[in-house]
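> I'll drop the sequence and a predicted model, then ask my questions.
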Amino acid sequence: MDGPEARKLMAGLELFPSFLAADLEIHTKQDPQGGLQLVILYNNDKRTADKMAARLKQIGTIKSMPIHTVVIQSHTFNQANLKPAGIFISQENIGNLNTIVKYGEKHSIIIFSPFANDLKQGVTGSIAITARIRPEVNMNSLQTSHLTLKPFFLRISTQYTQ
């Protein structure tokens, strides 16, 4: 993957840990090993998803908790036995996005996608590219998911409301 879409995807991946660190309840989302399970969802481009997972592993920790990544095809998400602290969408037009959004809302999990249409469909966060790259927060999803983000993070974010 090259070009503007790849740059947007990488910019989103760089911002994803900041979203997770801004979650005031992130410590309650640790896996049994005391780390954070981060799920990277893809439709048919596993290679890109694997690259995203490798980049997250390089970051190492969020709030002193080690990162554990799981790469999974979106249509198998419901069948997997996962307890994610966050979910990153690595492809546009991912299958069953509505189901994934509902899962995030039910379990207070941040769903992040760098693709603008996904924000309109209820993911928690994305990126806004203007003169600078800024976080973009779906305020309705945040409220529905009962997620609480740090006030500073919300102040610097672009806020989307449906």
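Yep, that arrived. These figures come from a predicted structure and were not determined experimentally. Numbers count the residues shown, from 1 in each chain.
> how about the helices in the protein?
Under the criterion DSSP state H, helices of the chain are mapped to 4-22, 46-59, 97-107, 116-120, 139-144, 151-156.
> longest strand anywhere in this structure?
Longest strand of the chain, by residue count under DSSP state E: strand 65-73.
> run the angle between it and helix 46-59 for me.
180 degrees (axes from the mean of the first three to the mean of the last three Cα atoms, to 10 degrees).
> what's opposite the spatially most central residue of the chain in the beta bridge?
The centroid of the chain falls nearest to residue 112 when counting by Cα atoms, centre = their mean (2.7 Å). Going by DSSP bridges, residue 112 is paired in beta bridges with residue 88, residue 125.
> so what's it up against?
Contacts for residue 112 were tallied using Cβ atoms under 8 Å, 6 or more residues apart in numbering; they are 12, 15-16, 19, 86-89, 123-126. To be clear about C-beta, it is placed using only N, CA and C from the backbone, and glycine gets the same treatment.
> need the contact list for the closest residue to residue 156 other than its chain neighbours.
In space, residue 156 comes closest to residue 134 once its chain neighbours are excluded; the distance is 6.4 Å by Cβ to Cβ, 6 or more residues apart in numbering. Listed by Cβ under 8 Å, 6+ apart, the contact set of residue 134 reads 127-128, 156-158.
> re earlier: partner strands of the longest strand of the chain, with direction?
Short version: by DSSP bridges, strand 65-73 pairs with strand 36-42 (parallel), strand 61-62 (antiparallel).
> now residue 41, nearest residue through space, not along the chain?
Using Cβ to Cβ, 6+ apart, the closest residue to residue 41 is residue 74 (4.6 Å).
> for the residue lying farthest from the centre of the chain, what are phi and psi?
In the chain, residue 131 marks the outermost C-alpha relative to the chain mean, sitting 22.7 Å out by Cα atoms, centre = their mean. Backbone geometry at residue 131, expressed as degrees, to the nearest 10, gives phi -70, psi -30.
> hmm, residue 70 is touching residue 36, no?
No: contact between residue 70 and residue 36 fails when scored by Cβ atoms under 8 Å: they sit 11.0 Å apart.
> higher neighbour count, those two?
With neighbours defined as other Cβ atoms under 10 Å, residue 70 and residue 36 compare such that residue 36 has more, 24 against 15.
> could you check how far that one is from residue 151?
Computed as Cβ to Cβ, to the nearest Å, the residue 36 to residue 151 distance reads 22 Å.
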